[in-house]
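In: just coords:
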């Protein structure tokens, strides 16, 4: 980096990177126009802020773009696509198809329109990889977790011919991270690719922009969840025994919404811990997989304690008290036979539980 000279290249000769890890796969695999990329990038609110900064102060030489030479006299920007997008919009605001008012407001408030952009030219992408790996995967301008994983997956080609374990170690060295973290991201990305190839299982509103990639990365830290979908995280071929049906099942738990617009599992630490314990218990697992009960209902099967029992009693008692408070306001009890049958069942259950509690106090639990 320090031995490279900064060159000023005309804006018209700089191309946005169609392989930018920020871009969704559906963009990266298609034929993208300059306008299409600019408008997708414009969805990031920080583009407007960058436009203001560059429009007021010009293009700071210390933020030179990292580029590679294309065929002919043009260049592709590998690092600095947000800055390039902002500069393009300052010079060609008519490209904007969204946030038009904000773009026009920036144009009216600023005067700088950079035409020659400071750049550092590299021979190929490989020469920039180590720098980008640190800067965006580990460093201060970090990408989102899916973009990090995608980029690491692309860098794997630099280590063809060595085992997956060795690839993880080499990639970790190159970006200043731990190999177990790199391994987890790469395996999670392999899972993501399977899900993407399956069309996100046609789950409503689920795509690359709405999926929470961290749910899968975090799940790989849980033994029972890994075992459930058939991932051997320590293997050189982690997905050899992957159960595609159970991966789909897990994905539906994460993202398929019910009539109340809720999913069965949230991929946070609390829910993943509960799910891991549920999947490690055959009774709880069967209950959760085949029924409509919540994750909390299933978790009760594996977390029975005096506290959880007392909680259930408190909930039942609260409901009975509410019923008692309104019973005198009912003019006529419809289907009274059914009500009496249920009240008798409540009475019988209460007597039985009282007897069990008393017997444990006197004798302790039978071994």
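Out: Thanks, I have it. These figures come from a predicted structure and were not determined experimentally.
In: next up, the contacts around residue 299.
Out: Residue 299 sits next to 274, 277, 278, 284 when contact means C-beta atoms under 8 Å, 6 or more residues apart in numbering. C-beta: built from backbone N, CA, C; applies to glycine.
In: could you look up the SS state of the closest residue in space to the first one that isn't next to it in sequence?
Out: Nearest residue to residue 274, sequence neighbours excluded (C-beta to C-beta, 6 or more residues apart in numbering): residue 299, at 4.6 Å. Secondary structure for residue 299, judged by DSSP: H, G, I helix; E, B strand; the rest coil, is helix.
In: can you flag the buried ones in the contacts of residue 299?
Out: If you count burial by 16 or more other C-beta atoms under 10 Å, the buried members of the contacts of residue 299 come out as 274, 277, 278, 284.
In: could you dump the residues you listed into JSON lines and include pLDDT and distance to residue 173?
Out: As requested, the buried ones among the contacts of residue 299 are exported to JSON lines (pLDDT from 0 to 100; distance: C-beta to C-beta, whole Å):
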{"residue": "274", "pLDDT": "94", "distance to residue 173": "36"}
{"residue": "277", "pLDDT": "94", "distance to residue 173": "36"}
{"residue": "278", "pLDDT": "95", "distance to residue 173": "38"}
{"residue": "284", "pLDDT": "93", "distance to residue 173": "42"}
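In: among these, which lie within helices?
Out: Among these, DSSP state H puts 274, 277, 278, 284 in helices.
In: which of those residues sit farthest apart?
Out: Between all members of those, the longest pairwise span (C-beta to C-beta) is found for 274 and 284 and amounts to 9.7 Å.
In: for residue 50, what are its contacts?
Out: With contact taken as C-beta under 8 Å, 6+ apart, residue 50 is in contact with 82, 83, 85, 86.
In: you'd agree the third one is up against residue 16?
Out: Think residue 85. Yes. Judged on C-beta atoms under 8 Å, residue 85 makes contact with residue 16 at a distance of 6.8 Å.
In: overlap in contacts, those two.
Out: Between them, residue 85 and residue 16 share the neighbouring residues 37, 38, 41, with contact defined by C-beta under 8 Å, 6+ apart.
In: need those residues in CSV (columns: secondary structure, neighbour count and distance to residue 178).
Out: Conversion of those to CSV gives the following (DSSP: H, G, I helix; E, B strand; the rest coil; neighbours: other C-beta atoms under 10 Å; distance: C-beta to C-beta, whole Å):
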residue, secondary structure, neighbour count, distance to residue 178
37, helix, 22, 33
38, helix, 21, 37
41, helix, 21, 31
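In: TSV for those residues, including distance to residue 261 and pLDDT?
Out: Rendered in TSV, the data for the shared contacts of residue 85 and residue 16 read as follows (distance: C-beta to C-beta, whole Å; pLDDT from 0 to 100):
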residue	distance to residue 261	pLDDT
37	33	91
38	34	94
41	30	90
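In: now, which of the residues you listed sits nearest residue 317?
Out: For those, the closest approach to residue 317 (C-beta to C-beta) belongs to residue 41, at 57.6 Å.
In: and the pLDDT at the residue lying closest to that closest one once chain neighbours are set aside?
Out: Take residue 41 and drop its neighbours on the chain: the residue closest to it by C-beta to C-beta, 6+ apart is residue 85, 4.3 Å away. Listed pLDDT for residue 85 reads 96.
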